[in-house]
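**Student:** the following block contains a protein sequence and its predicted model.
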Amino acid sequence: MVSNEQRRKQLAREKFERQQQRREAARRKARRRNAVIAAGLAVVLAAGATAYATGALSGDDEKSDTAADALPTPKKVADPCAKPAPGSPAAKTWKSEPEMSVDKSASYAMDLKTTCGTIDVKLDAANAPHTVNSFDFLAKEGFFDHTRCHRLTTGGIYVLQCGDPKGTGQGGPGYTLPDENLKDSKLKGNVYPAGTVAMANTGQPHTGGSQFFLVYQDSQLPPQYTPFGTIGDEGMKTLKKIAAAGEQSGAGDGAPNATVVIDKASVAKS
C-alpha cells in the first residue's frame, strides 16, 4: 500500500516531469523560431505571432506551474513614434518582375519616411540591380506607403522587417526576384553588419519579393539574403530608437512596441 508520503513524492515527481516536458517543448519552439529568424522566413510570422498572442505555452497544471513555465511578461513601454499619416496600404500586385530601367553605373538612394523618423538608405544598383529596380518601381507605385514594419527581433539576430502591405509577414508584390550580391565582401564570417538592408525570403533561392530587413546590430546569418543597401547615420538613429522600445511578445521575436509605419517611401537617382 502506498503511503501518503510516497504518494506525495510521486505526485511531485510527475509534476516536475510535466514541467520539464513543457520547458523542453518551449526550447524546441524557440529553436524553431530562431531557425526561422535566421532564414528571414517572413511567411511564418503570422502563425508565430498568433502562438505568442494566444499563450502557446499554457499547460494543464495548476496556475502556479503555468506561470513558472510561461515566457516573461512583456514590459509595457511608451511608444516613441508618432501617429501614422492617413491612408491605407496598396492592394495592387503584379504577375512579373518590372522591366529593368535602373542605371547600374548610377547611385540611388531610398528614403523611408516613417512615424519614428527618416531611414535613409544608399542603394547598391551595381551589385543588386534587379532588387534596386524593383524597389524603384514599387516606391513609384506607392506600394510601401502606409505599410507597417511588422517584425522586430532582439535576440540572436537584430533586425526590423518591413515591406509587407498586409502587415502579417505573408504579403508581397505578386512576383519574386533573383538572389543577388550574395558574395558581397562586407558579409564576412556569415555576418550581416549593422546598417545592412537585405531581402527577406522563404528560405528557398530566388524567393524575395517586397519584404526586407534592416540590421541594427551585427547579425549572424548565412549569406542567402540579397544585401542591396546601407543605412545612413540618420537612419541608424531612427532604427536604434525603434529597437530600444523592444518587441511585444517578450520572446525576442514579434511585432515592435514602436508603431513603425512607412508613411512614404521614395527612391531617387543621385
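**Tutor:** Received, thanks. Numbers count the residues shown, from 1 in each chain.
**Student:** residues contacting the residue lying closest to Cys162 once chain neighbours are set aside?
**Tutor:** Once flanking residues are discounted, Cys162 sits nearest to Cys149: 3.9 Å by Cβ to Cβ, 6 or more residues apart in numbering. For glycine as for every other residue, the C-beta is placed from the backbone atoms N, C-alpha and C. The contact partners of Cys149, by Cβ atoms under 8 Å, 6 or more residues apart in numbering, come to Thr114, Leu160, Gln161, Cys162, Ile242, Pro256, Val260, Val261, Ile262.
**Student:** Cys149 and Ser270: what is the separation?
**Tutor:** For Cys149, the distance to Ser270 equals 24 Å [Cβ to Cβ, to the nearest Å].
**Student:** keep only those of the contacts of Cys149 that are in helices.
**Tutor:** Counted as lying in helices by DSSP state H, out of these, are Ile242.
**Student:** return the subset of the contacts of Cys149 lying in strands.
**Tutor:** Counting by DSSP state E, those place Thr114, Leu160, Gln161, Cys162, Val261, Ile262 in strands.
**Student:** by neighbours, which of these wins?
**Tutor:** In terms of neighbours by other Cβ atoms under 10 Å, the ones in strands among the contacts of Cys149 top out with Thr114 at 28 neighbours.
**Student:** and the pLDDT at the residue lying closest to that residue once chain neighbours are set aside?
**Tutor:** Setting aside the residues directly before and after it, Thr114 is nearest to Ile262 in space (Cβ to Cβ, 6+ apart), at 5.4 Å. pLDDT recorded at Ile262 is 98.
**Student:** quick check: bridge partners of Ile262?
**Tutor:** Thr114, Thr147 (DSSP bridges).
**Student:** residues touching it, list them.
**Tutor:** Leu112, Lys113, Thr114, Phe144, Asp145, His146, Thr147, Arg148, Cys149, Cys162.
**Student:** what number of residues lie near the fourth one?
**Tutor:** This means Phe144. Residue neighbour count, defined by other Cβ under 10 Å, stands at 25 for Phe144.
**Student:** doesn't it belong to a strand?
**Tutor:** No. Membership of Phe144 in a strand is not supported by DSSP: H, G, I helix; E, B strand; the rest coil, which gives coil.
**Student:** tell me which element the nearest residue to it once chain neighbours are set aside is part of?
**Tutor:** In this structure, Phe144 finds its nearest non-sequential neighbour in Ala265, 3.7 Å apart by Cβ to Cβ, 6+ apart. Assigned by DSSP states H and E, Ala265 belongs to strand 261-269.
**Student:** in CSV, list the C-alpha atoms belonging to that strand.
**Tutor:** Written as CSV, here are the backbone C-alpha positions of strand 261-269 (Å, rounded to 0.1, in the frame of the first residue of the first chain):
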residue,chain,number,x,y,z
VAL,A,261,4.7,52.8,-40.3
ILE,A,262,6.2,53.9,-43.5
ASP,A,263,4.3,57.0,-44.4
LYS,A,264,6.1,57.5,-47.6
ALA,A,265,8.9,55.6,-49.5
SER,A,266,10.8,57.2,-52.3
VAL,A,267,13.8,56.1,-54.5
ALA,A,268,15.8,58.7,-56.3
LYS,A,269,18.8,58.7,-58.6
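**Student:** from the chain's centroid, how far away is it?
**Tutor:** Taking Cα atoms, centre = their mean, to the nearest Å, one finds strand 261-269 lying 19 Å from the centre of the chain it belongs to.
**Student:** show me which positions of that strand end up buried.
**Tutor:** Neighbour-count burial for strand 261-269 flags Val261, Ile262, Asp263, Lys264, Ala265, Val267 (criterion: 16 or more other Cβ atoms under 10 Å).
**Student:** looking at the residues you listed, which is nearest Glu97?
**Tutor:** Val267 (15.8 Å; Cβ to Cβ).
**Student:** so what's the closest one up against?
**Tutor:** Residues in contact with Val267, defined by Cβ under 8 Å, 6+ apart, are Tyr108, Ala109, Met110, Leu123, Val132, Phe135, Asp136, Ala139, Lys140.
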